[in-house]
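Chemist: Provided below for reference: sequence and predicted model.
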Amino acid sequence: MGLQVGIVGLPNVGKSTLFNAITNSKVEAANYPFATIEPNVGVVEVPDQRLDNLAKIFNSKKTIYTTIEFVDIAGLIAGASKGEGLGNAFLANIRETDAICEVIRCFDSKEITHVEGSVDPIRDIEIIELELILSDESSIKKRLAKVEPKFKSTKDKDIIFEYTLLKKLETQLSEGKLLNKLEFNEEEKLAIKSFQLLTTKQFIYVANVGEDEVREDNKYVKLVKDYAASCNSQVVKISAKIEEELSELEKEEKDVFLQDAGIETSGLEQLIKAAYSTLGLKTYFTCGPQEARGWQFKEGSTAPQCAGIIHTDFEKGFIKADVYKCEDIFELGDEQSLKNSGKIKLEGKNYIVQDGDVCFFKFNK
């Protein structure tokens with residue numbers, strides 16, 4: 001399973017236009033609230049020149065990139081948690097995602113209406129996040145209602161632990177604060193995963209600007225960047241309209257388009273980079289004549305843990321791994337030259353896999 005990112009935002013902020021562009025989908029994007037009725041899902045391959053180079057060296061029949069799955073839900077509005085609009089009905093669709101991407105309108109337009117009547121990115125962020133907080137608070141209260149009676153009449157450590165954790169979460173949410181601002185130990189993190197809460201996730205803010213505003217930050221983008229800096233979150237500035245135009249072009253044409261527009265990288269590439277950075281994700285490779293493939297892993301993962309991403313049996317029966325840096329094979333040209341120069345290392349269970357490693361895992365069946 002690849003990385004999953006949920007896309008949220010108010011209606012008419014360019015959310016579905018952006019989703020269409022980055023996933024090359026054709027869902028409805030219209031100038032009225034709730035154009036997105038059903039949740040939309042799109043899977044995007046993560047471009048990686050290193051993998052392309054490896055596939056050429058190994059003459060691989062297939063090249064399999066890592067992926068990001070984007071889930072776009074109906075626009076949230078104030079009161080969504082109480083049943084207003086449609087967004088709250090689809091929040092369940094992003095509860096399993098790894099991160100939440102908040103699309104914020106940072107452009108003026110007389111043609112495109114704003115559900116709140118004016119452009120104010122900080123107000124919009126606060127509306128979205130309050131609705132997420134209220135949704136989580138509702139989930140916690142329901143869970144507490146089941147656990148509290150047991151807590152009052154038991155000495156069971158698991159029930160006491162869960163109740164104490166739930167109260168900690170409830171207090172934070174009742175103060176109108178996101179749960180991702182709290183510190184958790186490993187046991188708490190494991191328990192919280194099963195709760196599928198929205199505000200424990202990391203947020204990425206996407207400032208959607210006009211086509212002529214991608215090079216310089218306008219006043220709205222500056223506000224979003226200041227807000228994001230205060231909560232250690234990343235901001236990606238994107239013109240959804242430009243991304244829409246890019247989605248219609250071939251790779252060579254995209255490069256020319258970006259160069260002519262004075263843009264270094266596409267919004268999609270910036271968003272991918274931000275998602276990887278926010279979640280501490282890296283990529284290792286497995287290569288051979290049949291396929292060259294990239295694999296996402298969490299920074300700090302050991303060789304057995306990375307082997308388990310391919311198949312759980314690989315982790316259980318892990319023995320050793322042959323590992324080398326992709327840069328070394330780019331320089332020397334083939335694995336035999338790597339062996340001759342001592343660049344291939346035999347690593348054990350404690351080896352921490354690095355971004356760009358090429359791995360061959362050895363395991364007991």
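Modeler: Arrived safely, thanks for sending. Numbering: from 1, shown residues only.
Chemist: where do the helices sit along the stretch 201-350 of the chain?
Modeler: For the stretch 201-350 of the chain, the helices defined by DSSP state H, counting those that start in this stretch occupy 219-230, 240-246, 251-261, 267-279, 303-310, 312-316, 326-332, 335-340.
Chemist: I meant the stretch 51-200 of the chain, not that one.
Modeler: Using DSSP H, counting those that start in this stretch, helices in the stretch 51-200 of the chain cover 121-152, 157-174, 186-195.
Chemist: Just tell me which of those helices ends up closest to residue 206.
Modeler: helix 121-152 (10.9 Å; Cβ to Cβ). The C-beta positions use only the backbone N, C-alpha and C, and glycine is treated the same way.
Chemist: which parts of that closest one are buried?
Modeler: 121, 124-125, 127-137, 139-140, 143-144, 147, 151 (16 or more other Cβ atoms under 10 Å).
Chemist: Out of all residues in the protein, which is the farthest from the middle?
Modeler: Distance to the chain centre peaks in the chain at residue 153, reaching 41.5 Å (criterion: Cα atoms, centre = their mean).
Chemist: Quick check: the gap between that residue and residue 140.
Modeler: For residue 153, the distance to residue 140 equals 21 Å [Cβ to Cβ, to the nearest Å].
Chemist: can you check residue 202 too?
Modeler: In terms of Cβ to Cβ, residue 202 sits 19 Å off from residue 140.
Chemist: and residue 179, how far is that from residue 165?
Modeler: For residue 179 relative to residue 165 (Cβ to Cβ), the value is 11 Å.
Chemist: can you list residues touching both of those two?
Modeler: residue 192 (Cβ atoms under 8 Å, 6 or more residues apart in numbering).
Chemist: export the helices of the stretch 201-350 of the chain to CSV and tack on mean pLDDT?
Modeler: CSV is the format used below for these (pLDDT from 0 to 100):
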stretch, mean pLDDT
helix 219-230, 96
helix 240-246, 86
helix 251-261, 84
helix 267-279, 90
helix 303-310, 96
helix 312-316, 92
helix 326-332, 97
helix 335-340, 95
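Chemist: Please list all residues in contact with residue 335.
Modeler: So residue 335 contacts 324, 329, 344 (Cβ under 8 Å, 6+ apart).
Chemist: Around the last one, count how many other residues there are.
Modeler: When you say that, I think you mean residue 344. 19 (other Cβ atoms under 10 Å).
Chemist: Tell me the pLDDT of it.
Modeler: Listed pLDDT for residue 344 reads 96.
Chemist: Contact partners for it?
Modeler: So residue 344 contacts 322, 323, 324, 335, 338 (Cβ under 8 Å, 6+ apart).
Chemist: Report the buried members of those residues.
Modeler: Buried members of the contacts of residue 344, scored by 16+ other Cβ under 10 Å, are 322, 323, 324, 335, 338.
Chemist: Check whether residue 286 really touches residue 358, as I assumed.
Modeler: Yes - taking contacts as Cβ atoms under 8 Å, residue 286 lies within contact range of residue 358: 7.3 Å.
Chemist: list residues touching both of the two?
Modeler: In contact with both residue 286 and residue 358: no residue, using Cβ under 8 Å, 6+ apart.
Chemist: Looking at these two, which one has more neighbours?
Modeler: A side-by-side neighbour count of residue 286 and residue 358, using other Cβ under 10 Å, places residue 358 first with 24 against 19.
Chemist: in the sheet, who's paired with the more buried one?
Modeler: residue 285, residue 324 (DSSP bridges).
Chemist: now it: how far from residue 177?
Modeler: 43 Å.
Chemist: Quick check: nearest residue in space to residue 63, chain neighbours excluded?
Modeler: Using Cβ to Cβ, 6 or more residues apart in numbering and skipping the chain neighbours, the partner closest in space to residue 63 is residue 55 (4.4 Å).
Chemist: How about residue 305?
Modeler: residue 315 (6.5 Å).
Chemist: Next, the contact list for that neighbour, please.
Modeler: Here residue 315 is in contact with 304, 305, 307, 308 (Cβ under 8 Å, 6+ apart).
Chemist: Please report the distance of it from residue 309.
Modeler: 8 Å.
Chemist: which neighbours do these two share?
Modeler: Common neighbours of residue 315 and residue 309 (Cβ under 8 Å, 6+ apart) do not exist.
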